[in-house]
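K.L.:
Fold the following and give me the result.
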Amino acid sequence: MNIRLRHDTIVRILRRNGTSTIDALAQSVGASRRTVLRDICALRDQGFVIHSETGRGGGVQLDPQSMQTTARLSVAEVFALLISVAAMRAAQNLPFSDLADAGLAKIERSLPPDKVRDLRRFLDCLHIGQLSPQQDLSDLGPITPALLPAFETAFLQQLHLRFLYRDAKGAETLREVEPQAMLILSPLWYWVGWDPARDDFRHFRMDRISDPKAIEGTQFRRRHVPFADDVCPYNNLTR
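P.N.:
You can find the predicted model right below:
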């Protein structure tokens, strides 16, 4: 059981049972007493109010009103929030933008420095533009939840991303490209990659991607994606 799952399990047990001994918690999560004691300290640091009672019949107790005050979000989760807000703002459909910005700033401040650096690298690859009125939206579908975590891993570690891609005619091909950027032309979201086989950039509609996997042992270099010159010409999109 990893640390995050162990912490979640301890909190859930304490909420359900009210009071528990360290030994009982250790048995429930499959860890030593020392590990659980460290977990209790870590949970307190995260904002949970956990009381200790010594002596016979004692144990630890979670304050019923206690809640976590430190955000435990991955870079991908924060990035998803940021790009969603950015997309809504670009569509002029964000009535409480100041509150959203303030909330996201608090979340960013809660992240460790290395995660902040990763987040800024993510944001550097993001571009929001206007969709061509010629674009056919009749086959718009959902985006697989696995795509953003796979993109995060491949982008940050500079690994090739392999996936199945369905074109406008429904034909499916296996692709392997270098993840370089993300493009939002609401309501369409595109993943922009350098295709070594074609020696050029390709735009892939994210709702047409399935089974994405970062490929270990592959490496690529960052490339300049020329959004500023030509955001996303309609006739060059991978359709």
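K.L.:
contacts and neighbour counts: CA atoms only from here.
P.N.:
Noted.
K.L.:
count of neighbours near Val192?
P.N.:
24 (other C-alpha atoms under 10 Å).
K.L.:
what are the phi and psi angles of it?
P.N.:
phi -110, psi 120 (degrees, to the nearest 10).
K.L.:
so where's the longest strand in this structure?
P.N.:
strand 172-185 (DSSP state E).
K.L.:
same question for that one, mean pLDDT?
P.N.:
The average pLDDT for strand 172-185 rounds to 93.
K.L.:
just checking, what packs against that strand?
P.N.:
Strand 172-185 sits against strand 126-128, helix 147-157, strand 160-166, strand 188-195, with contacts defined as 3 or more C-alpha pairs under 8 Å, 6 or more residues apart in numbering; DSSP states H and E.
K.L.:
Next, the angle from it to strand 160-166.
P.N.:
Counting by axes from the mean of the first three to the mean of the last three C-alpha atoms, to 10 degrees, strand 172-185 lies at 100 degrees to strand 160-166.
K.L.:
report the angle between the axes of strand 172-185 and helix 147-157?
P.N.:
Going by the same axes, to 10 degrees, strand 172-185 makes 90 degrees with helix 147-157.
K.L.:
So which residues make contact with strand 172-185?
P.N.:
Residues from elsewhere that reach strand 172-185, judged by C-alpha atoms under 8 Å, 6 or more residues apart in numbering: 87, 125-131, 151, 154-155, 158-166, 189-196, 220, 222-223, 225.
K.L.:
try 6 Å this time
P.N.:
The contact list for strand 172-185, computed with C-alpha atoms under 6 Å, 6 or more residues apart in numbering, reads 125-131, 155, 160-166, 189-195.
K.L.:
With stretch 7-19 instead?
P.N.:
Contacts of stretch 7-19 (C-alpha under 6 Å, 6+ apart): 60-62.
K.L.:
most neighbours, which of the residues you listed?
P.N.:
Ranking these using other C-alpha under 10 Å puts Leu62 first, with 24 neighbours.
K.L.:
how near is Glu108 to Ala86?
P.N.:
15 Å (C-alpha to C-alpha, to the nearest Å).
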